[in-house]
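Q: Take this sequence and fold it.
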Amino acid sequence: MAKTAFLFAGQGSQYIGMGKDIYSQSKEAKEVYDRANETLGFDLSGICFDGKQEELNKTSICQPAVMVTSIALLRAFKERNNGNISCHVTAGLSLGEYTALVFANSISFEDALSLVYKRGQFMQEACDKEKGAMASIIGLVESEVEEICSEARKYGEVCAANYNTPKQIVISGKEEAVKEAMSLAKEKGARAVIPLKVSGAFHSPLMSMASSRLSEEIESTEISRCDMPVMANVCAEYINEPDEIRSSLVKQLDNPVRWSQSMQNLIADGTEEFYEIGPGKVLAGILKKIDPTKKTRSINDFNSLVEN
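A: Coordinates of the predicted model:
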């Protein structure tokens with residue numbers, strides 16, 4: 001049977017003005033932002049709608065901002081369709097996995113928001129302590145990128161961090177090691193090698209301090225069995241049980257995001273239609289590179305709610 005998946009955006013999809021139109025036109029969306037402001041104790045919606053991009057880009061701000069905007073869009077979408085939306089499986093890119101777990105009724109909105117806010121703080125602290133870098137390598141397959149990282153590791157820690165598509169892989173690690181890996185990638189015929197504007201080496205062992213601190217917070221968070229299968233980033237497999245979920249969320253920070261494998265597994269399992277819910281259209285673009293035959297829709301503002 002053909003299945004539908006809801007996909008949720010991760011860090012990097014944020015922009016000033018996101019969610020502003022649905023806040024003013026959806027009662028459900030407005031309630032989400034108001035609850036977020038109350039939970040966090042500061043005006044997150046104001047930063048999203050009319051703040052400065054530099055402030056929104058801070059890891060500790062953009063992570064809750066993207067999650068809240070995604071949940072607000074989801075609630076507005078359900079409101080628009082009188083609650084009649086069909087979804088069989090869900091997944092989220094890194095940070096977006098928290099949104100997927102809220103959607104699957106595994107973690108409460110308030111608990112997920114508090115975790116995501118702390119997650120961003122812990123990641124920023126790790127970045128400040130250990131300077132790192134990331135770069136996107138386009139045109140080489142997984143084994144080639146992994147071999148390059150192995151060669152460059154004599155300059156410090158570097159690894160494949162985000163498997164976005166079969167030939168678009170992000171590397172992460174110590175600055176010198178990433179630079180060496182970028183040079184090797186060019187020598188081996190990469191179509192493009194692009195340094196990323198990030199504050200540290202996400203999804204690498206350099207985030208182990210953040211992962212350890214987050215583990216303590218997750219252990220004390222109430223987590224329930226999922227109402228629907230959630231495809232996890234770390235293992236590219238379905239997770240449903242609380243212990244699996246805790247393990248996945250902790251490992252996320254210092255292990256690779258296997259998004260390409262996750263999407264291929266969803267497709268192999270009969271998923272034909274994908275809704276990207278959250279700011280931007282990054283995930284829909286990635287999916288078209290993985291399998292252009294699948295239907296993709298982006299729910300990212302009020303107009304997209306009307307169209308869908």
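Q: can we go C-alpha only for contacts and neighbour counts from here?
A: Will do.
Q: what about the closest residue to residue 51 other than its chain neighbours, which SS state?
A: Among residues not flanking residue 51 along the chain, residue 16 sits closest, at 6.5 Å (CA to CA, 6 or more residues apart in numbering). Judged by DSSP: H, G, I helix; E, B strand; the rest coil, the three-state class of residue 16 is coil.
Q: ok, now residue 76?
A: Residue 76 ends up helix, using three-state DSSP.
Q: do the same with residue 272
A: The assignment at residue 272 comes out as strand when based on three-state DSSP.
Q: Kindly report the same for residue 304.
A: Following three-state DSSP, residue 304 is assigned to helix.
Q: count of residues packed around it?
A: By the other CA atoms under 10 Å criterion, the neighbourhood of residue 304 contains 13 residues.
Q: Next up, the contacts around it.
A: Shown in contact with residue 304 (CA atoms under 8 Å, 6 or more residues apart in numbering): residue 298.
Q: where's residue 57 relative to residue 116, distance?
A: Plainly put, residue 57 is 14 Å away from residue 116 if you go by CA to CA, to the nearest Å.
Q: Looking at these two, which one has more neighbours?
A: Neighbour totals were compared for residue 57 and residue 116, and residue 116 leads with 26 against 20 (other CA under 10 Å).
Q: Count the residues that sit near the residue nearest to that one when sequence neighbours are not counted.
A: Closest residue to residue 116 in three dimensions, ignoring its sequence neighbours and counting by CA to CA, 6+ apart: residue 64, at 5.8 Å. Neighbourhood size, residue 64 [other CA under 10 Å]: 27.
Q: Assign residue 64 to helix, strand or coil.
A: Counting by three-state DSSP, the backbone at residue 64 sits in helix.
Q: same question, residue 172
A: Following three-state DSSP, residue 172 is assigned to strand.
Q: so who does it touch?
A: Counting by CA under 8 Å, 6+ apart, residue 172 touches 132-135, 158-161, 178, 201-204.
Q: Recalculate using a threshold of 6 Å.
A: If you count contacts by CA atoms under 6 Å, 6 or more residues apart in numbering, residue 172 has them with 133-134, 158-159, 161, 201.
Q: ok, and the helix or strand in this protein with the lowest average confidence?
A: Of the helices and strands making up the chain, the lowest-confidence element is helix 302-307, at a mean of 85, by mean pLDDT, DSSP states H and E.
Q: if we can go back for a sec, take the contacts of residue 172 and write them to a markdown table, including neighbour count.
A: As requested, those are exported to a markdown table (neighbours: other CA atoms under 10 Å):
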| residue | neighbour count |
| --- | --- |
| 133 | 23 |
| 134 | 30 |
| 158 | 32 |
| 159 | 28 |
| 161 | 25 |
| 201 | 30 |
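Q: And those, which is closest to residue 120?
A: The nearest member of the contacts of residue 172 to residue 120, counting by CA to CA, is residue 201 at 13.2 Å.
Q: Could you find the closest non-adjacent residue to residue 140?
A: Leaving aside its sequence neighbours, residue 140 sits nearest to residue 167 (CA to CA, 6+ apart; 5.2 Å).
Q: Quick check: the one you found vs residue 138, distance?
A: In terms of CA to CA, residue 167 sits 6 Å off from residue 138.
Q: Now do the strands in the stretch 151-300 of the chain.
A: Under the criterion DSSP state E, counting those that start in this stretch, the stretch 151-300 of the chain carries strands at the ranges 158-165, 168-174, 192-195, 230-231, 238-239, 271-277, 295-299.
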